[in-house]
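Student: sequence first, then the predicted structure:
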Amino acid sequence: MSKKIGLKEAISIGIGGMVGGGIFAVLGLAVLLAKGGTPIAFLLAGTVALITSYSYVHLSKKFPDRGGTVKFINQGFGKTIFSGAISNLLWISYIVMLSLYASAFGSYAPNLWDITQNKTINFHIYASAIILLATAINYYSIAVVGKIESYAVIIKLIILIGFIAIGAYGLIGNPNLTQLAVSDWENPIKLFAGGMVIFVAYEGFELIANAAPDILNPEKNIARAYYISVIFVIFLYIIIALVTVGSLPFNQIAKAQDYVLAEAAKPMLGQLGFTIITIAALISTFSAINASLYGGSKVNYEIAEDDELPHHFLSKLWGQPIGLLITSVATLVLVNILNLESISTAGSVGFILIFGIVNYVGFKLSNQTNSNKIIPLLGCILCLIALVILIKQQFQSNRIGVFVSLGIILFCFMIEWLYKKNETKN
């Protein structure tokens, strides 16, 4: 029983997975895309996540497995080229998320200590160094990864809630509050597209699925863990967005886009606030990189175990699955060649597609899971609409991000097709 997970721990897995580096990485981007409607953009993205969590609740209760999302997709489609490709997409989406977190770390860290006089070089040094450090920790001890994660969740939540409390007080009489007026919102399509670009800030709730077999009183606690964590994070993000947009003029937000949360603490707390939020961002992104490296290598291992990737991925190097090293190297490459918006777009496209498919599985297996058919179907349709709007909007402003996203999906299908074809021959 000592290995069992209580409700509090299950909720902290969900919150920790969502409030990783995501909010620190994409808040500036959200304001750039949605302007005064940024809180609405977070609400729209959160609504898609909440509807999707319904499918996850019922699939987790019926098919509890440490493979989580990978197992649900196999349950819905069997072990086919399609399910294998989507599972591979989940693994690559982890790599994209890791790049996003490392990108946020690389943007915040130089505000504390400039290594060189060149901002771009500093970014690449910090982003690469944090991936290498987290990889070394994952190889050294998985227990250390767990300890870092449990402390980091508490620290970042205390700092973010403190930021909200002081920030809300600082809004009294702030002239920038007018930026939240409806006249400063982008049009509904752009608001929705903005919400979808930053959807990566919500994807972490799916980690609860991997813990489902160990959750105490699963019939009640699995549902509570998903819903409480997602609803809490929706409120947290909306309030953070309100405080940020109400504290700083848009041009200042655009200038500090990559570290806007730290900049938003300045009006109330000056340089001290800026430093505290910067430290919180570094702790959050570092813990998120640590946990996602572990999660990514596990996903890769699960896929190989399910015979959807070559069994070479089951081999170990220095006591850990070979997927850990591959995940780490791939992250290093991505973070050093793509910009933040392209990384965020690729991550959001990957997860919206995966969640759309999980919703479809929830709809397809609703008789087996004793769940409502309409909610998963609505989730599936919403994810498809979100995908179309996101790709259309980004195609106008960020074609590289769209081509990278579609290239990743194509690559996943091609790799799976080649593997299955080769396996059939043998």
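Tutor: Sure, I can see it. Residues are numbered from 1 along each chain as shown.
Student: list the residues that contact Gly22.
Tutor: 97, 100-101, 198, 200-204, 288 (CB atoms under 8 Å, 6 or more residues apart in numbering). Where C-beta positions appear, they are placed from N, C-alpha and C, glycine not excepted.
Student: Leu177 contacts Leu171, correct?
Tutor: Yes: taking contacts as CB atoms under 8 Å, Leu177 lies within contact range of Leu171: 6.0 Å.
Student: now do the shared contacts for these two.
Tutor: Joint contacts of Leu177 and Leu171 (CB under 8 Å, 6+ apart) are Gly246.
Student: please, where are all the strands along this structure?
Tutor: 316-317, 320-321 (DSSP state E).
Student: highest mean neighbour count out of those strands?
Tutor: Ranked by mean neighbour count, those are led by strand 320-321 with a mean of 20 (mean count of other CB atoms under 10 Å).
Student: quick one: distance of it to the chain centre.
Tutor: 23 Å (CA atoms, centre = their mean, to the nearest Å).
Student: now tell me what touches it from outside.
Tutor: 138-139, 297-298, 300-301, 313-315.
Student: filter the residues you listed down to the buried ones.
Tutor: When those are checked for burial by 16 or more other CB atoms under 10 Å, the buried set is 138-139, 297-298, 300-301, 313.
Student: out of the residues you listed, who's nearest Ile15?
Tutor: Set against Ile15, the nearest of the buried ones among the contacts of strand 320-321 by CB to CB is Lys298 (19.8 Å).
Student: right, and that closest one touches Val145 too?
Tutor: No: in this structure, Lys298 is not within contact of Val145 by CB under 8 Å, at 11.4 Å.
Student: TSV for the contacts of strand 320-321, including pLDDT and distance to Lys421?
Tutor: Below are the contacts of strand 320-321 laid out as TSV (pLDDT from 0 to 100; distance: CB to CB, whole Å):
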residue	pLDDT	distance to Lys421
Asn138	84	33
Tyr139	85	34
Ser297	83	26
Lys298	80	27
Asn300	85	21
Tyr301	83	23
Phe313	78	18
Leu314	79	20
Ser315	83	22
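Student: buried ones in stretch 365-374?
Tutor: 365-366, 369, 371.
Student: please enumerate residues in contact with it?
Tutor: Applying CB under 8 Å, 6+ apart, the set of residues contacting stretch 365-374 is 54-55, 58-59, 61-62, 75-76, 362-363, 376.
Student: and if you look at stretch 60-68?
Tutor: Against stretch 60-68 from outside (CB under 8 Å, 6+ apart): 71-72, 74-75, 206-213, 215, 218-219, 222-223, 226, 298, 302, 306, 365, 368-369.
Student: just the buried ones from those?
Tutor: Buried, going by 16+ other CB under 10 Å: 71-72, 74-75, 206-213, 215, 218, 222-223, 226, 298, 302, 306, 365, 369, out of the contacts of stretch 60-68.
Student: among these, which ones are in helices?
Tutor: Within the buried ones among the contacts of stretch 60-68, membership in helices is found for 71-72, 74-75, 207-211, 218, 222-223, 226, 298, 302, 369, as judged by DSSP state H.
Student: which one of these is nearest Tyr259?
Tutor: Using CB to CB, those come closest to Tyr259 at Leu207, 26.0 Å.
Student: and for stretch 100-109, what's in contact with it?
Tutor: 20-22, 24-26, 122-128, 130-131, 200, 258-259, 262, 278, 281-282, 285-286, 288-289, 292, 331, 335, 340, 343-344, 347.
Student: at 7 Å what do you get?
Tutor: 20-21, 24-25, 123-124, 126-127, 130-131, 200, 258-259, 262, 278, 281-282, 285-286, 288-289, 292, 331, 335, 340, 343-344, 347 (CB atoms under 7 Å, 6 or more residues apart in numbering).
Student: show the buried residues in these.
Tutor: 20-21, 24-25, 123, 126-127, 130-131, 200, 258-259, 262, 278, 281-282, 285-286, 288-289, 292, 331, 335, 340, 343-344, 347.
Student: chain neighbours aside, what residue packs nearest to Ser183?
Tutor: In space, and not counting its chain neighbours, Ser183 is closest to Gly36: 7.7 Å by CB to CB, 6 or more residues apart in numbering.
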